[in-house]
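1. Using only what follows, build the 3D model:
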Amino acid sequence: MSCSVIPVDRIRQLVPYMSQREIDAVSHLVEGIKLEEEQELLWNKMSERVASWDAGPLLWLTHYTKTEDTHWLTKNTAFLAPFPKKEYLRVVLDYLINSRSIFIPKSREMMMSWLVCSYIAWMCQWYPVFWVAQTGKEDKVAELIEYARTLYRNQPDWMKARNPLVVDSVLEIAWKNGGRFLGIPKGADQIRVYHCYGYFQDESGFLPEAQTSYDAVRPVAKQMVCVSTDEMGWFHSECKLD
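-> Numbers count the residues shown, from 1 in each chain. Predicted coordinates for the structure are as follows:
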């Protein structure tokens, strides 16, 4: 079935013969179409796999959603705030987008776990991919899932409606498009049962089976990210520059 579109010039010609009620209805329809077109362009812009403040995940993170800081009162900062525009975050994101395997040493205030979870949340919202996050304890991995949930929750309603969550639990969120983010506790046996697109290991330097878990998922995962404060051991050795 084909549809006909009345040209704008023709609509203008008809205005003198229309009632105010008809004019208001047409105006509302035209504005709705214009808004949908603008949202479509914006959605496509944010889907781009680039490390830029003007497109891709950073456009979404810095303009169309917000983080939540549970320590806002003691820090005298806002509870809700966009992702900060810090150049080192853009550089790390560029490595995330373009690397199959990446190890990121961090300090406590660098927002590296936030950045990786934000990248995963963006990827799952725009692409039908399955990511698994693993760290020491269940309550800690639940915090990583909550980072992604926070970004989903604080974006505009039209974005949530475009790709709503179909699973929303403590250790898992999943989108209608097929994107999925699951959290599991430490242990190589925990990860072996999953065939995921991406694997995120947080606090690798403190996991006794970090290397075994990494090696278990390596044959199937398309992307692997390990983040930790630097400690002696496997993570330290992988990050060491000879």
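2. Domain-wise, how is this protein divided?
-> Listed domain ranges for the chain are 8-43, 50-239 (source: automatic domain parsing).
3. just for the protein, where's the confidence low?
-> Filtered on pLDDT under 70, the chain yields the residue ranges 1-15, 17, 22-33, 35, 70-77, 231-232, 241-242.
4. try it again with 90
-> The chain contains residues with pLDDT under 90 at 1-39, 68-81, 106-110, 186-190, 192, 207-208, 229-242.
5. picking that back up, quickly compare the domains of the chain and say which is most buried.
-> The highest mean neighbour count among the domains of the chain, using mean count of other C-beta atoms under 10 Å, belongs to domain 50-239: a mean of 18. Any C-beta I mention is one placed from the backbone N, CA and C, and that applies to glycine too.
6. and the end-to-end length of stretch 167-184?
-> 16 Å (C-alpha to C-alpha, to the nearest Å).
7. what's the distance between that stretch and the middle of its chain?
-> Taking C-alpha atoms, centre = their mean, to the nearest Å, one finds stretch 167-184 lying 12 Å from the centre of the chain it belongs to.
8. and if you look at stretch 165-185?
-> Distance, stretch centre to chain centre, for stretch 165-185: 12 Å (C-alpha atoms, centre = their mean).
9. before we move on, what about stretch 201-210?
-> That offset, for stretch 201-210, works out to 23 Å (C-alpha atoms, centre = their mean).
10. Equivalent analysis for stretch 187-205, please.
-> Averaged C-alpha coordinates place stretch 187-205 at 18 Å from its chain's average position (C-alpha atoms, centre = their mean).
11. Thank you, goodbye.
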